[in-house]
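**Q** Fold the following, please.
(one chain, ligands or ions: 1)
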Amino acid sequence: MMSRPPSACFEWSGGLVYRFCPSSDVDVQSTAMEHANTTHSVRSRSVEPVTVIGGGLAGSEAAWQLAERGIPVTLFEMRPGKQSPAHHSGSLAELVCSNSFKSDDPITAAGELKRELEYLGSMLLQVARICAVPAGGALAVDREVFARTVTEHIENHPLVDVVRREMRELPEGRVIIATGPLSSDGIEPVLGNLVGAARLAFFDAAAPIVEASSIDRELAFSASRYGKGGSDDYINCPMDREQYDRFIAELLTARRVHSKDFERRELFSACQPVEEIARSGHDALRFGPLKPVGLTDPRTANRPWAVVQLRAENLSCTAYNLVGFQTNLAFSEQERVFRLIPGLEHAEFARLGVMHRNTFIDSPRLLDASLRLRSLPRVRVAGQLAGTEGYLEAVGSGLLAGLGAAAEIMGMEPFVMPELSAFGALMAYATSPLTSGYQPMHVNWGIIEPLPQRVKGKRERYAAYAQRALQATGEAIATHPMTAGSRTAAGSLDPMSSGVDSSNPGSR
Ligand SMILES: Cc1cc2nc3c(=O)[nH]c(=O)nc-3n(C[C@H](O)[C@H](O)[C@H](O)COP(=O)(O)OP(=O)(O)OC[C@H]3O[C@@H](n4cnc5c(N)ncnc54)[C@H](O)[C@@H]3O)c2cc1C
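**A** Residues are numbered from 1 along each chain as shown. So this is what the prediction gives:
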């Protein structure tokens, strides 16, 4: 039998927002089964099992979604026989680092993602709610209870066969590969054969991204070096000598993330963090990524002492990355130090820089919106391997891969998240062939289509994004035959109504 939640649980309120109910006797299994009973399911053992490789966050959610629709699953997990460098247990869905699923504020992109996953009936999110520990405005969990509960649910599901073995070959039939950022060396050749060595990356060195609307355009100016290309190709943040000196001093003393040994070995030989370049000499950045040559500040009509260039991250130019700013600084330090850059004093960061070991594929060139390999559609890729970043994003893509495979087996169109939803925007970004230089991304409002009208005030703007996203999600769920009729597709669509404090956006 399935386990009961530890001491408290949540129940659906209007199908959208969980309300805490300390003494309720609802358990995850019965709630989820109820959900499954309101949606389509195959409920036949004659269906060929789907193979899921990797019992992490994505693989566990994918397996559950399939099994709940009556589709048998064989789930291969290499642990505990073989551990990754960051996992320590034999539990499925082990959280390898922080125990936080980030902000639960419904107007943040992370908070909206939670509502969308709740709408879609995510089992892992439901377990996370049950295992929640006090964390201000964030959703954080007791990691052991979380992983143990997910493991029990999966292992006890009558349609899931969990096989504890490292997969080193591609099985026949429908397959979901979710072996994560630390995919084993045994599966690497399989991935290489499937996608080509040039489309497989082993580390992530991403520069921060800022929301365009938060850049001070009184200080920053549009221009490309020597006027080459489009004149507006870059936004340039000019520094005078004093500003540069202060920036370098703060950069050199800022707190850094201590990489694990296995990361240090591979990472820095391949890509120099901006703070490492600064360490090699006071003017190193001024002669490197911050070189001012070919640029004239229209306010002074002079060449600045140094220039930080920002390049558009998406076609709608709502987000810009800091060119050459791969960094290993702690997140809070990135915000502090990078806001010293003229024009970025009030920058809102859509993503902060990361540098860590991370196996991922070039999704924009390889995957369709249903996470199928374009070259071999019987194979789906999910989780961080498919190019998202973050625990819940992995859960989301596992859910989508599971729903996609289930829809296919049921002879339906794949379920695809609408681009106006938080998760749909991320999926569109990650699987659009127009995305270039892809680095894994977490959900954020910087990559979503701008609002049709200008909304003043950050909180109001975010609320408008969230409102629109939830509406789009509800409509997509209501119109797809596999999810239509689900009781999760009803309810209030007012993201401001939960009253959760947004002052703590939640972080890793
Ligand atoms: C060191 C590190 C720290 C991170 N910290 C955070 C954080 O604090 N917060 C956050 O939001 N995100 C974090 N991430 C990013 C990411 O969200 C998590 O890694 C997340 O667990 C990804 O989910 P997943 O399902 O794709 O992979 P995983 O959860 O890693 O699951 C993959 C599973 O596949 C198994 N596996 C691998 N190869 C094979 C094989 N050949 N055969 C069978 N099984 C196999 C693994 O044992 C594992 O159980 C971190 C990533 C790394 C690498």
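
**Q** hang on, Asp161 packs against Thr74?
**A** Yes: counting by CB atoms under 8 Å, Thr74 is a contact partner of Asp161 at 4.9 Å. Where C-beta positions appear, they are placed from N, C-alpha and C, glycine not excepted.

**Q** How many neighbouring residues does Ala484 have?
**A** Per other CB atoms under 10 Å, the neighbour tally for Ala484 reads 14.

**Q** likewise Asp232?
**A** The number of residues near Asp232, taken as other CB under 10 Å, comes to 12.

**Q** Please identify the helix or strand for it.
**A** For Asp232, there is no enclosing helix or strand under DSSP states H and E.

**Q** got the residues of the stretch 151-300 of the chain near the ligand?
**A** 166-167, 178-184, 186-187 (CB under 6 Å from any ligand atom).

**Q** cutoff 5 Å now
**A** Residues of the stretch 151-300 of the chain lying near the ligand by CB under 5 Å from any ligand atom: 166-167, 179-181, 183-184, 186-187.

**Q** for the most centrally placed residue in the chain, what are its contacts?
**A** Nearest to the geometric centre of the chain sits His442, at 3.0 Å (CA atoms, centre = their mean). Residues in contact with His442, defined by CB atoms under 8 Å, 6 or more residues apart in numbering, are 110, 351, 388-390, 393, 426.

**Q** check contacts around the residue in the stretch 1-150 of the chain that the ligand sits nearest to.
**A** Taking CB to the nearest ligand atom, the ligand has its nearest neighbour within the stretch 1-150 of the chain at Gly56, 1.7 Å off. Counting by CB under 8 Å, 6+ apart, Gly56 makes contact with 92-94, 178-180, 383, 394.

**Q** Let's have the residues you listed in a markdown table, adding neighbour count and secondary structure.
**A** Below are the contacts of Gly56 laid out as a markdown table (neighbours: other CB atoms under 10 Å; DSSP: H, G, I helix; E, B strand; the rest coil):
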| residue | neighbour count | secondary structure |
| --- | --- | --- |
| Leu92 | 26 | coil |
| Ala93 | 28 | coil |
| Glu94 | 24 | coil |
| Ala178 | 32 | coil |
| Thr179 | 30 | coil |
| Gly180 | 25 | coil |
| Gly383 | 32 | helix |
| Ala394 | 27 | helix |
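
**Q** Name the single longest helix found in this structure.
**A** For the chain, the helix with the greatest residue count under DSSP state H is helix 458-479.

**Q** How about exporting that helix as PDB, limited to the C-alpha atoms?
**A** Only the C-alpha atoms of helix 458-479 are listed here, as PDB (Å, rounded to 0.1, in the frame of the first residue of the first chain):
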ATOM      1  CA  LYS A 458       7.100  44.900 -11.400                       C
ATOM      2  CA  ARG A 459       4.700  43.100  -9.200                       C
ATOM      3  CA  GLU A 460       1.700  44.100 -11.300                       C
ATOM      4  CA  ARG A 461       3.600  43.100 -14.500                       C
ATOM      5  CA  TYR A 462       4.500  39.700 -13.000                       C
ATOM      6  CA  ALA A 463       0.900  39.200 -11.800                       C
ATOM      7  CA  ALA A 464      -0.300  39.900 -15.400                       C
ATOM      8  CA  TYR A 465       2.200  37.300 -16.800                       C
ATOM      9  CA  ALA A 466       1.000  34.800 -14.200                       C
ATOM     10  CA  GLN A 467      -2.700  35.400 -14.800                       C
ATOM     11  CA  ARG A 468      -2.200  35.000 -18.600                       C
ATOM     12  CA  ALA A 469      -0.100  31.900 -18.100                       C
ATOM     13  CA  LEU A 470      -2.600  30.200 -15.800                       C
ATOM     14  CA  GLN A 471      -5.400  31.000 -18.200                       C
ATOM     15  CA  ALA A 472      -3.500  29.600 -21.100                       C
ATOM     16  CA  THR A 473      -2.700  26.400 -19.100                       C
ATOM     17  CA  GLY A 474      -6.300  25.900 -18.100                       C
ATOM     18  CA  GLU A 475      -7.400  26.300 -21.700                       C
ATOM     19  CA  ALA A 476      -4.800  23.800 -23.000                       C
ATOM     20  CA  ILE A 477      -5.800  21.300 -20.400                       C
ATOM     21  CA  ALA A 478      -9.500  21.700 -21.000                       C
ATOM     22  CA  THR A 479      -9.100  21.200 -24.800                       C
END
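
**Q** list the buried ones in that helix?
**A** For helix 458-479, the buried set under the neighbour-count rule, 16 or more other CB atoms under 10 Å, comprises 458, 461-470, 472-474, 476-477.

**Q** how many other residues sit next to Gly294?
**A** Considering only other CB under 10 Å, Gly294 is surrounded by 13 other residues.

**Q** Could you look up the SS state of it?
**A** For Gly294, the assignment made with DSSP: H, G, I helix; E, B strand; the rest coil gives coil.

**Q** so what's it up against?
**A** Gly294 neighbours (CB under 8 Å, 6+ apart): 225-228.

**Q** Just the buried ones out of those, please.
**A** By neighbour count, with 16+ other CB under 10 Å, the contacts of Gly294 hold Arg225 as buried.

**Q** Greatest separation within the contacts of Gly294: which pair is it?
**A** Pairwise distances across the contacts of Gly294 (CB to CB) peak at 7.8 Å, for the pair Arg225 and Gly227.
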